[in-house]
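> coordinates only, no sequence provided:
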């Protein structure tokens, strides 16, 4: 008789095949026979015959399993359940670890792009980090840095606020929000005051943070608290005697106090102390531009660009100074470079529009400032300058619309004074009077407010 499993001959009288262990009496090869093991799916690796032999049923009627056997089965079931739970926990932990790793990778990529001033890519990576780990402040911090670089100050402030909500003890988050608030509302005492509060909080959290002192000092110069500005800069120098930007802040404080000689001395000292820091050249160039020395400003901005060629802000400011110094061709080239470096930033468009406005090119100014507003609909200064362009074109209704928006977004002495003039030209002298009084309340020493007051005395 042939074995129904392996096809080999079974000796007469034997109940099992000595070759494979199958019971005698099964069907031969090619015939359908029941197998003690379920059929495997097509393409699956076949089990060895020796393995099948170990699960063959013993001869004779099965005995009632002892309790021990049943308990063993129970333990197997319990053990299987425990294994399932353990496997599930391990999978969750593995997923969490890999998720954490990916969030960390995205965060490191965002930091690297921020270091290279590639803000658009930094934002993309930061948003991926946020998506992977929305409860960590790091992604929001890197995104806020990139938004600051782009000049999207309102968005940067909101993003830094989210970082603070997630980590109230992170001084960097407070510094970033302070910078955003001050940059956006630099003409507003109230906004600058809010920024100062954030810098103060950062100092409370980290008394050795030189940047917190440096930025608070800068903010103090904007509201004429120049002694406080100098004191903060001195504190930053105690922390780091080679911190050139602190000398720049002392210089700006002296300049704001009318002590120009000492101001320039400190601005020059900043460059000597930190000759490889582009920021000190930028700050000195900015001050030269503000005092009408556009050629000197061009030289300082050029040095800043040499040290940090990837920063759009430097090209935009040099473009502005080039245009005001009469070299419009180079100015246009610098603005194009800035726009290429930071296509999402409103700053190059805003500065170009402001330069056009200063040169009496009102229509180009409107076009440039409109693009700045498209890129950042909350850019109050851009609305204010476009209102001025419309005013000079005689389009008072459009000017008023922009002036209203500027006051809403950027309620400073300048925006109220500008709207006062527009209301005056529209014959709304009662409203003009209210606006000029508000402007004087906000900044009684402002030359722009005083000029606006004189403008209101002229007949329309």
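Looks like it arrived, so ask away. Please read all numbers here as calculations on a predicted model, not as lab measurements.

> so residue 440 lies in a helix, does it not?
Yes - under DSSP: H, G, I helix; E, B strand; the rest coil, residue 440 falls within a helix.

> helices along the stretch 101-250 of the chain, start to end?
With helices called from DSSP state H, counting those that start in this stretch, the stretch 101-250 of the chain shows them at 119-132, 137-150, 153-166, 171-184, 189-205, 210-222, 226-239, 244-256.

> turn the ones you listed into CSV, including mean pLDDT.
Output for the helices of the stretch 101-250 of the chain, formatted as CSV (pLDDT from 0 to 100):
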stretch, mean pLDDT
helix 119-132, 95
helix 137-150, 95
helix 153-166, 95
helix 171-184, 94
helix 189-205, 93
helix 210-222, 94
helix 226-239, 96
helix 244-256, 95
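
> quick one: contacts for residue 453?
By C-beta atoms under 8 Å, 6 or more residues apart in numbering, residue 453 lies in contact with 436, 440. Every residue, glycine included, has its C-beta placed from N, CA and C.

> give me the element it is part of.
helix 447-456 (DSSP states H and E).

> where are the low-confidence patches of the stretch 1-150 of the chain?
1-100 (pLDDT under 70).

> again, 50 this time
Regions of the stretch 1-150 of the chain meeting the criterion pLDDT under 50 cover residues 14-16, 18-22, 26-85, 87, 89-90, 93-98.

> how about the residue nearest to residue 310 when sequence neighbours are not counted, phi and psi?
Of all residues not flanking residue 310 in the chain, residue 117 sits nearest, at 4.1 Å (C-beta to C-beta, 6 or more residues apart in numbering). When read as degrees, to the nearest 10, the backbone of residue 117 gives phi 60, psi 30.

> rewinding a little: right, so of the helices of the stretch 101-250 of the chain, which gets closest to residue 292?
When these are compared by C-beta to C-beta, helix 244-256 sits nearest residue 292, at 13.1 Å.

> C-terminal to that closest one, what's the next element?
Using DSSP H and E, the helix or strand that follows helix 244-256 in sequence is helix 260-273.

> which other helices and strands does the next helix or strand after that following helix contact?
Under the assignment DSSP H and E, the closest C-terminal helix or strand after helix 260-273 is helix 278-290. Judged by 3 or more C-beta pairs under 8 Å, 6 or more residues apart in numbering; DSSP states H and E, the packing partners of helix 278-290 are helix 244-256, helix 260-273, helix 294-307, helix 312-324.

> buried sites along helix 278-290?
If you call a residue buried by 16 or more other C-beta atoms under 10 Å, then helix 278-290 has these buried ones: 278-289.

> any chance of the residues you listed in JSON lines, with distance to residue 295 and pLDDT too?
JSON lines is the format used below for the buried residues of helix 278-290 (distance: C-beta to C-beta, whole Å; pLDDT from 0 to 100):
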{"residue": "278", "distance to residue 295": "19", "pLDDT": "96"}
{"residue": "279", "distance to residue 295": "21", "pLDDT": "96"}
{"residue": "280", "distance to residue 295": "19", "pLDDT": "97"}
{"residue": "281", "distance to residue 295": "15", "pLDDT": "98"}
{"residue": "282", "distance to residue 295": "16", "pLDDT": "96"}
{"residue": "283", "distance to residue 295": "17", "pLDDT": "96"}
{"residue": "284", "distance to residue 295": "13", "pLDDT": "97"}
{"residue": "285", "distance to residue 295": "11", "pLDDT": "97"}
{"residue": "286", "distance to residue 295": "14", "pLDDT": "95"}
{"residue": "287", "distance to residue 295": "14", "pLDDT": "95"}
{"residue": "288", "distance to residue 295": "8", "pLDDT": "96"}
{"residue": "289", "distance to residue 295": "10", "pLDDT": "95"}
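
> got a markdown table for these, with distance to residue 218 too?
Shown next, in a markdown table, are those (distance: C-beta to C-beta, whole Å):
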| residue | distance to residue 218 |
| --- | --- |
| 278 | 16 |
| 279 | 11 |
| 280 | 13 |
| 281 | 16 |
| 282 | 12 |
| 283 | 9 |
| 284 | 14 |
| 285 | 15 |
| 286 | 11 |
| 287 | 12 |
| 288 | 17 |
| 289 | 17 |
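
> could you export the helices and strands packed on helix 278-290 to JSON lines, including columns for mean neighbour count and distance to residue 454?
As requested, the helices and strands packed on helix 278-290 are arranged in JSON lines below (neighbours: other C-beta atoms under 10 Å; distance: least, C-beta to C-beta, whole Å):
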{"stretch": "helix 244-256", "mean neighbour count": "26", "distance to residue 454": "24"}
{"stretch": "helix 260-273", "mean neighbour count": "17", "distance to residue 454": "26"}
{"stretch": "helix 294-307", "mean neighbour count": "20", "distance to residue 454": "27"}
{"stretch": "helix 312-324", "mean neighbour count": "26", "distance to residue 454": "24"}
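
> quick one: which of the ones you listed is nearest residue 149?
Among the helices and strands packed on helix 278-290, the nearest to residue 149 by C-beta to C-beta is helix 312-324 (7.8 Å).

> residue 114 is in contact with residue 149, correct?
Yes - taking C-beta atoms under 8 Å as the contact criterion, residue 149 and residue 114 are neighbours in contact, 7.3 Å apart.
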